[in-house]
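Trainee: What would the 3D arrangement of this be:
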Amino acid sequence: MTKKIRNVFVSHHHKDDASVDGIARILAGKQFNIRNSSIRAKPENQERLTKKRVSDETIKRLLRMKMRWASQLIVVVGKETYQREWVNWEIELAHKMGKPIIGVYESGLTGKVPLPEQLQNYGTSVVPWRSDSIIKAIEGKSQFENPDGSPSERIAGGNIVC
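Mentor: Numbers count the residues shown, from 1 in each chain. This next block holds a predicted model:
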């Protein structure tokens, strides 16, 4: 069986890098090939970013270029994600580009965690760490669930899924 290919940009807090790989792994077992264009800083580059040796404008230009290639934005939602300025900026950019925005709660979360502000404003789906829920969201079925898979209230959601 041929794998379905999806070009995505995965927005995440750098502490959640392992979850980016995890999404690709669980979907690969369901015949999906996720090609991720997001940026993950190697340890030697993280220091340059932390010390502001790379301008915000340079980072924004690179992110815009990489996000244009993707058809969707997936946001890994962990305990600290809502506090990350860059995650909110990436979500807003995806919204301006008209891309579906899918929040995926990180594996192992047992309770509700705050969502990034822009995900609350523009998210088309927010789902738990379950392959079936993630696949439905990627395929365009708008759904809102808590980390345990129970139904959640619909958020504002600024993009229409086609």
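
Trainee: how about residue 130, what does it touch?
Mentor: For residue 130, the contact set (Cβ atoms under 8 Å, 6 or more residues apart in numbering) comprises residue 149. Where C-beta positions appear, they are placed from N, C-alpha and C, glycine not excepted.

Trainee: How about residue 110?
Mentor: 147, 148.

Trainee: That one falls within a strand, correct?
Mentor: No - counting by DSSP: H, G, I helix; E, B strand; the rest coil, one finds residue 110 to be coil, located in no strand.

Trainee: where's it relative to residue 25, distance?
Mentor: Residue 110 sits 21 Å away from residue 25 when distances are taken as Cβ to Cβ, to the nearest Å.

Trainee: how about the strands in the chain?
Mentor: Listed in chain order, the strands found in the chain under DSSP state E are 4-11, 32-36, 72-77, 101-105, 125-127.

Trainee: mean pLDDT for those strands: which is lowest?
Mentor: Mean pLDDT is lowest for strand 32-36 out of the strands of the chain, coming in at a mean of 84.

Trainee: contacts for that strand?
Mentor: Applying Cβ under 8 Å, 6+ apart, the external contacts of strand 32-36 come out as 3-10, 20, 23-24, 27-28, 135, 138.

Trainee: So, low pLDDT: which residues of the protein?
Mentor: Applying pLDDT under 70 to the chain picks out residues 1, 40-46, 48-49, 156-162.

Trainee: Can you show me the helices along it?
Mentor: Assigned by DSSP state H, the helices in the chain fall at 17-28, 43-50, 56-69, 85-96, 117-122, 131-138.

Trainee: on that earlier part again, and the contacts of strand 32-36, which of them are buried?
Mentor: 6, 8, 9, 10, 20, 23, 24, 27, 135, 138 (16 or more other Cβ atoms under 10 Å).

Trainee: Just put those in a markdown table and tack on distance to residue 38.
Mentor: Formatted as a markdown table, these follow (distance: Cβ to Cβ, whole Å):
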| residue | distance to residue 38 |
| --- | --- |
| 6 | 13 |
| 8 | 8 |
| 9 | 5 |
| 10 | 5 |
| 20 | 7 |
| 23 | 11 |
| 24 | 11 |
| 27 | 15 |
| 135 | 19 |
| 138 | 15 |
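
Trainee: All set now, cheers.
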